[in-house]
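1. Quick one: sequence plus predicted model below, questions after.
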Amino acid sequence: MADNTVHLRTTCPFCGAHHDRITPSVSREEVFPEDGDASMCWSCGEFCIIDNDSDLGMRKPNKKEQREINRDARFAHMRVAWRTVKAQ
């Protein structure tokens, strides 16, 4: 199994946590996050948007992006899994 982790320095715009890598939630041979991709902050569980123009490397979702995140069951499942792991 290939390691799909990409070293990418970002800071969560919600909680300020610093991250040094990102791993896709789906299995792919090659992955590199692109501007506009959503990513979950492991520290606070909020979904951020990759934005290479931002000093943080991420930004808060705009209203349209937030609606899409709220409607997508995959994001809801990720948040439930995050809460489960954090509670342990």
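-> Done, it's in. What you see is a predicted model; the values in this text were computed from it and never measured.

2. just checking, what packs against the longest helix anywhere in the chain?
-> Ordering each helix of the chain by length in residues (DSSP state H) puts helix 73-87 first. Using 3 or more CB pairs under 8 Å, 6 or more residues apart in numbering; DSSP states H and E as the contact test, the elements touching helix 73-87 are strand 38-40. Bear in mind the C-beta positions are built from the backbone N, C-alpha and C, glycine included.

3. So which other helices or strands are in contact with the strand it packs on?
-> strand 47-50, helix 73-87.

4. I'd like to know which of the ones you listed is closest to residue 63.
-> Across these, the minimum distance to residue 63, taken as CB to CB, is reached by strand 47-50, at 12.0 Å.

5. pLDDT averaged over that closest one - what is it?
-> Mean per-residue pLDDT for strand 47-50: 94.

6. my guess is residue 61 meets residue 47, correct?
-> Yes - judged on CB atoms under 8 Å, residue 61 makes contact with residue 47 at a distance of 6.4 Å.

7. what's the overlap in contacts for those two?
-> 38, 69 (CB atoms under 8 Å, 6 or more residues apart in numbering).

8. lowest-pLDDT helix or strand in the protein?
-> Taking mean pLDDT, DSSP states H and E as the measure, the chain has strand 38-40 as its least confident helix or strand, at a mean of 92.

9. List the contacts of that one.
-> By CB under 8 Å, 6+ apart, strand 38-40 touches 10, 22, 33, 46-50, 58, 61, 65, 69, 75, 78-79, 82.

10. Just the buried ones among the residues you listed, please.
-> Among these, those buried by neighbour count (16 or more other CB atoms under 10 Å) are 10, 22, 33, 46-50, 58, 61, 65, 69, 75, 78, 82.

11. any idea how far residue 12 is from the one residue sitting closest to the centre of the chain?
-> Among the residues of the chain, the one closest to the centroid is residue 39, at 1.3 Å (CA atoms, centre = their mean). Distance check for residue 39 against residue 12: by CB to CB, to the nearest Å, it reads 9 Å.
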